[in-house]
Structure formats: structure tokens, C-alpha cells
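Colleague: here's a sequence, model it:
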Amino acid sequence: MLSQEKMNSSEAKARFEALLSQCDKRDFPDVIISCMLDFYRDERVEDCRIEDDGDMLLYQWGTYDWGQGRWFDLNITRQFIPQGGEDDDIFQLSVTAKYSPAPDLDELCSGNKWCGSPDEFPQFEEFVRGSNALKHLTGRPGDKVAITCNLTG
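Modeller: As a prediction, this is how the structure comes out:
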């Protein structure tokens, strides 16, 4: 069900955190991913034009070393580009569950998938929920879970 309140992109992190706080087991990837999928499906932003790729989702996974040692990351990100914005105005609301490296996680390889609009959402949701990475980690809490909201430009 769509939210009755309108949301600006600047409110996204607080709105998502409020939604996630209502869930049990917030460090479990299946809960985190479901929350972000619900948030995208149910909450539209007024200051981002969907037809200009202003409100998109990115699902990604893999083992990476971002300067703090190797971790397996399972991530879902909602990307916003406010109307009239440039590349410097792009920001991303991300939730990442991190896992210590392990052979079973390395076997999942890495990958990603974008959802460009609500019209693409049903296929995107099916892909995410059916992904080997999410299936493998369902019910397994992340060693670390982080919610970030950053400018990417």
C-alpha cells in the first residue's frame, strides 16, 4: 500500500530507518532486503523524476576489499537524483550486510542488478528474492550491518 504522506529524497534515510525499526531481526539480510523492496514499492519521492532515472534500486553482492580487509557484502541501494540535479547531486541510501570471508561465500561470486523504475520492479523483486546470494544468507545475520546515505558525485 502506498504511503499517504509525500516524501522528499532528503527524508529517505529517516523514513527507511523508521520502517526497518519496526522489523525484528534487523541484522538478517532477508529482512533488510525485504524492507528496502517494500520501501521502494510503497514510497515515492516528489523531488525525483522516475522517467529521468531519478529513483532507482541496485542489488549487489560479492567479496571485496575496500581497504578494511576482505568481506562478503550483500547490498541493496536506493539511488536518488533530485529534479534538475547533476552528477554531483546523486545520492544513495544503502544497506549492507557484511560477512567474514568464507569459501561458501566466495562460490557465490559477485554480481549486480538495477531496477530503473516501478514498472521494472516486479521482475527485479523476483530476481532478488531468487538470487543465490540471498537464498544462501537467509536466516544468517550479518557480522556487520550498515545503513549509509551519501552523495556519490
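Colleague: which parts of the helix of greatest length in the chain are buried?
Modeller: In the chain, assigned by DSSP state H, the helix with the most residues is helix 29-42. Across helix 29-42, burial judged by 16 or more other Cβ atoms under 10 Å covers 29-40. (C-beta placed from N, C-alpha, C; glycine too.)
Colleague: JSON lines for those, including pLDDT and distance to L134?
Modeller: Shown next, in JSON lines, are those (pLDDT from 0 to 100; distance: Cβ to Cβ, whole Å):
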{"residue": "P29", "pLDDT": "88", "distance to L134": "6"}
{"residue": "D30", "pLDDT": "90", "distance to L134": "6"}
{"residue": "V31", "pLDDT": "91", "distance to L134": "11"}
{"residue": "I32", "pLDDT": "91", "distance to L134": "10"}
{"residue": "I33", "pLDDT": "93", "distance to L134": "6"}
{"residue": "S34", "pLDDT": "93", "distance to L134": "10"}
{"residue": "C35", "pLDDT": "93", "distance to L134": "13"}
{"residue": "M36", "pLDDT": "95", "distance to L134": "12"}
{"residue": "L37", "pLDDT": "96", "distance to L134": "11"}
{"residue": "D38", "pLDDT": "94", "distance to L134": "15"}
{"residue": "F39", "pLDDT": "94", "distance to L134": "17"}
{"residue": "Y40", "pLDDT": "95", "distance to L134": "16"}
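Colleague: which residues are contacting the longest helix of the chain?
Modeller: Helix 29-42 is contacted by residues 1-3, 15-16, 19-20, 23-26, 55, 57, 59, 74, 76, 78, 95, 97, 115, 118, 121, 125, 128-129, 134, 137-140, 142, 145 when judged by Cβ atoms under 8 Å, 6 or more residues apart in numbering.
Colleague: rerun at 6 Å
Modeller: 2-3, 16, 19-20, 23, 25, 57, 74, 76, 95, 97, 125, 137-138 (Cβ atoms under 6 Å, 6 or more residues apart in numbering).
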